[in-house]
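> Structure for this input, please:
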Amino acid sequence: MKKPSRKTLKNKLDKLAGEITRARGKCEVCGSKRELQWCHIFSRKFLNTRWDELNCRCWCASCHSKFHDSPLLMTEWVKKHLGEDNYELLKESHNLIYKPTIDDLQTKLKVLSELKEG
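The predicted structure is shown next:
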């Protein structure tokens, strides 16, 4: 059986991670239940932290926009709510040079699928 492409796996991971994150049900910043978005502390263009639970946040559109416009404000919020140690771990992970293999992506998809079901 043919393995799925990287693009297909990334799309499935994005869909699943977004669903899991928004299922938290409210904005982690202000508590709003409207216009919930799958947001990232560190850019989603870096695959090493794109689907990391610490990096994936559930914010409303308003808070997401506020943090996008003020990265320093976002960093302060993250350090306060996740803790300085978790922020530093996430930052280190984000800075790694890493290109996941197809097998890595399939493993991550399995883990997220189990998380959603469980």
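> Where does residue 57 sit: helix, strand or coil?
Following DSSP: H, G, I helix; E, B strand; the rest coil, the label given to residue 57 is strand.
> Can you tell me the closest non-neighbouring residue to it?
Spatial nearest neighbour of residue 57, excluding adjacent residues (Cβ to Cβ, 6 or more residues apart in numbering): residue 39 at 4.5 Å. All C-beta atoms are positioned from the backbone trio N, CA, C, and that covers glycine.
> With residue 102 instead?
Ranked by Cβ to Cβ, 6+ apart and with sequence neighbours excluded, the top spatial neighbour of residue 102 is residue 3, at 5.5 Å.
> Please determine how far the one you found is located from residue 47.
Residue 3 sits 17 Å away from residue 47, going by Cβ to Cβ, to the nearest Å.
> Contact partners for the spatially most central residue of the chain?
For the chain, the residue nearest the mean C-alpha position is residue 56 (2.4 Å; Cα atoms, centre = their mean). Contact partners of residue 56, counting by Cβ atoms under 8 Å, 6 or more residues apart in numbering, are 17, 20, 21, 38, 39, 40.
> Just give the number of residues close to residue 67.
Neighbourhood size, residue 67 [other Cβ atoms under 10 Å]: 21.
> And for residue 97?
Neighbour count for residue 97, taken as other Cβ under 10 Å: 6.
> now do residue 36
Residues near residue 36, counting by other Cβ under 10 Å, number 21.
> Name the nearest residue to it, sequence neighbours excluded.
Excluding the flanking residues, the one nearest residue 36 by Cβ to Cβ, 6+ apart is residue 22, at 4.7 Å.
> what do you get for residue 30?
Spatially, and ignoring its direct neighbours in sequence, residue 30 is nearest to residue 63 (5.6 Å; Cβ to Cβ, 6+ apart).
> With that, I have no additional questions.
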